[in-house]
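Engineer: Coordinates for the following, if possible.
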Amino acid sequence: MKKIQAIAIVFDDHLLFADSFSALIERLDLFRSVHTISEERELVSFLIKHSESPIYFFLDYYLKNKNGLPLINEARRLNKNITIIVMSSVISPITITNILSYNPNGFVSKSSGFNAIVECLTIISQGRQYISPAISDIVSNTNSTIKLPFTARELEVLHYFAHGLSIAQTAEQTNLSKHTIVAHRRKMMAKVKVNSITELLFYARKQELI
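Structural biologist: You can find the predicted model right below:
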């Protein structure tokens, strides 16, 4: 495969996988440079420093105490030339639907072989989205009536609640009013028929939405 004139970032808090995967794509000389990052603060700093550079961002879905989806919006905000490739072992249909709602450029199952990465990069270079066959099979065999219960904005609010932020703090982070945050919380609880924020967060964690 022709070398991509871009920086690659592998973001995964499982360092053995991150280092092994980074070493593999570095050895195959697929990118201009390859960087392994496991801390969000370091990632933000790197993206700010390279805000004008083309970047391929390999992101693990499962991170310590949360998932990686909020980092997609943050990465796109900080770098307009970024290509997002989610790498995950997830098999839950609702979680896959959640990931796809963020419209990543690529979605690779960790059960795939390395050839899937090459195929992913090739398809992305053609301006198309790549989804691993294993993930496509789950989507195609899922009842079409199963839908993600929350909007992207509601999920964003939910993530802040999951990290212990108050209504006022969440309003500040999202640039919304406290009244709007309360309305989002009320709508989410009604959608999944729960009566408290504790039950709402339990549901979201069970469905791997946070």
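
Engineer: Now do the helices in the protein.
Structural biologist: Secondary structure of the chain (DSSP state H): helices at 15-27, 40-49, 69-78, 93-100, 114-125, 133-140, 152-162, 167-174, 178-191, 197-206.

Engineer: Need the nearest residue in space to V90, chain neighbours excluded.
Structural biologist: By the measure of Cβ to Cβ, 6 or more residues apart in numbering, the closest residue to V90 outside its immediate chain neighbours is Y61, 5.6 Å from it. Placement of C-beta: from N, CA and C, glycine included.

Engineer: Report the separation between that neighbour and S51.
Structural biologist: Applying Cβ to Cβ, to the nearest Å, the value for Y61 to S51 is 25 Å.

Engineer: again, but for F114
Structural biologist: Noted for F114: a distance of 30 Å to S51, by Cβ to Cβ.

Engineer: What sits closest to the residue nearest in space to the middle of the chain if chain neighbours are left out?
Structural biologist: The centre of the chain sits closest to L69, judged by Cα atoms, centre = their mean, with a distance of 2.9 Å. Nearest residue to L69 in three dimensions, chain neighbours excluded: Y102, at 5.7 Å (Cβ to Cβ, 6+ apart).

Engineer: I'd assumed N67 was in contact with the one you found.
Structural biologist: No. The criterion here is Cβ atoms under 8 Å, and Y102 misses it with N67 at 10.5 Å.

Engineer: Low-confidence bits of this protein, can you list those?
Structural biologist: The chain contains residues with pLDDT under 70 at 1, 65-66, 142-146.

Engineer: per-domain residue ranges of it.
Structural biologist: Split into domains by automatic domain parsing, the chain comes to 4-140, 152-206.

Engineer: okay, these, which one's buried deepest?
Structural biologist: Ranked by mean neighbour count under mean count of other Cβ atoms under 10 Å, the domains of the chain are led by domain 4-140, which reaches a mean of 17.

Engineer: Can you give me the first-to-last residue distance of that domain?
Structural biologist: Length of domain 4-140, first residue to last, Cα to Cα, to the nearest Å: 32 Å.

Engineer: Stretch 164-178 now?
Structural biologist: Stretch 164-178 end-to-end distance (Cα to Cα) = 16 Å.

Engineer: can you tell me which residues contact I117?
Structural biologist: By Cβ atoms under 8 Å, 6 or more residues apart in numbering, the residues touching I117 are 25, 108.

Engineer: repeat that for 7 Å
Structural biologist: For I117, the contact set (Cβ atoms under 7 Å, 6 or more residues apart in numbering) comprises V108.

Engineer: how far away is it from A171?
Structural biologist: Applying Cβ to Cβ, the value for I117 to A171 is 41 Å.

Engineer: Same question for K187.
Structural biologist: 16 Å.

Engineer: ok, P149 touching V192?
Structural biologist: Yes. Judged on Cβ atoms under 7 Å, P149 makes contact with V192 at a distance of 5.8 Å.

Engineer: Alright, calling it a day.
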